[in-house]
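Student: Coordinates for the following, if possible.
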Amino acid sequence: MTQQLIQLQHFFALPRERVFAYFVQHDNFGRLWWPAQCRWIKAAPNGDANGVGSVREIRVGLVRFEETTTEITPDSTIEYRVTRGGPFKNHVGRMRFSEVPGGTQLDYDIAFDCRWPLFGNFVSGVMHAAWLRGVNRAVDRLMSGDR
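Tutor: Residues are numbered from 1 along each chain as shown. Here you go, the predicted structure:
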């Protein structure tokens, strides 16, 4: 299998707490990945809809998979793993939020294994393009005060 690593970054001219609070919510996270559809399906064991152990379902056409939140460090880190379905193995996403002069730096890494190298490269390109569209919508929502 071929390991794919997608590294995405974005600067937000907003406080880290506000940016983190936006991205930790499953509904907002799902807006990043159009045309994928994202819906929350299970709360964390402590009842928190967006906490460690919570699950969201992602659908892209006929492909369906579930992502489980595996780590949350408030205002700092969100990590999730694909725990059911999907065409890839060992899929892990990690978002790191850093306070920088004038705002927040988001560094977002997505790693997965793919049996077919060219297909993995294609998916990486599609995800990068979707991120660029989606993160700009997130900026608009955050700047307007939406959560």
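Student: for Pro101, phi and psi?
Tutor: Phi and psi for Pro101, reported as degrees, to the nearest 10, are phi -50, psi 120.
Student: Secondary structure element holding Trp131?
Tutor: Taking DSSP states H and E as the criterion, Trp131 maps to helix 117-143.
Student: Does that helix pack against any helices or strands, and if so which?
Tutor: Using 3 or more C-beta pairs under 8 Å, 6 or more residues apart in numbering; DSSP states H and E as the contact test, the elements touching helix 117-143 are strand 2-12, helix 16-23, strand 103-114. No exception for glycine: its C-beta is placed from N, CA and C like everyone else's.
Student: which residues are contacting the last one?
Tutor: Read that as strand 103-114. 1-16, 18-20, 23, 82, 87-99, 120, 123, 127, 131 (C-beta atoms under 8 Å, 6 or more residues apart in numbering).
Student: related to what we said a few turns ago, any idea which of the helices and strands packed on helix 117-143 scores lowest on pLDDT?
Tutor: Least confident of the helices and strands packed on helix 117-143, judged by mean pLDDT, is strand 2-12 with a mean of 91.
Student: Show me what it packs onto, helices and strands only.
Tutor: strand 103-114, helix 117-143.
Student: Quick one: closest of the ones you listed to Val63.
Tutor: Closest of the helices and strands packed on strand 2-12 to Val63 is helix 117-143, at 10.4 Å (criterion: C-beta to C-beta).
Student: for that closest one, the distance to its chain's centre please.
Tutor: In terms of C-alpha atoms, centre = their mean, to the nearest Å, the centre of helix 117-143 is set 10 Å apart from its chain centre.
Student: What helix or strand is Phe29 located in?
Tutor: Counting by DSSP H and E, Phe29 is part of helix 26-30.
Student: Check the spacing between the most centrally placed residue in the chain and Asp48 real quick.
Tutor: Nearest residue to the geometric centre of the chain (C-alpha atoms, centre = their mean): Phe29, 5.6 Å. Noted for Phe29: a distance of 15 Å to Asp48, by C-beta to C-beta, to the nearest Å.
Student: and what of His128?
Tutor: Computed as C-beta to C-beta, the His128 to Asp48 distance reads 30 Å.
Student: which residue sits closest to Pro17, ignoring its sequence neighbours?
Tutor: Just to correct that, residue 17 is Glu rather than Pro. Excluding the flanking residues, the one nearest Glu17 by C-beta to C-beta, 6 or more residues apart in numbering is Asp75, at 5.1 Å.
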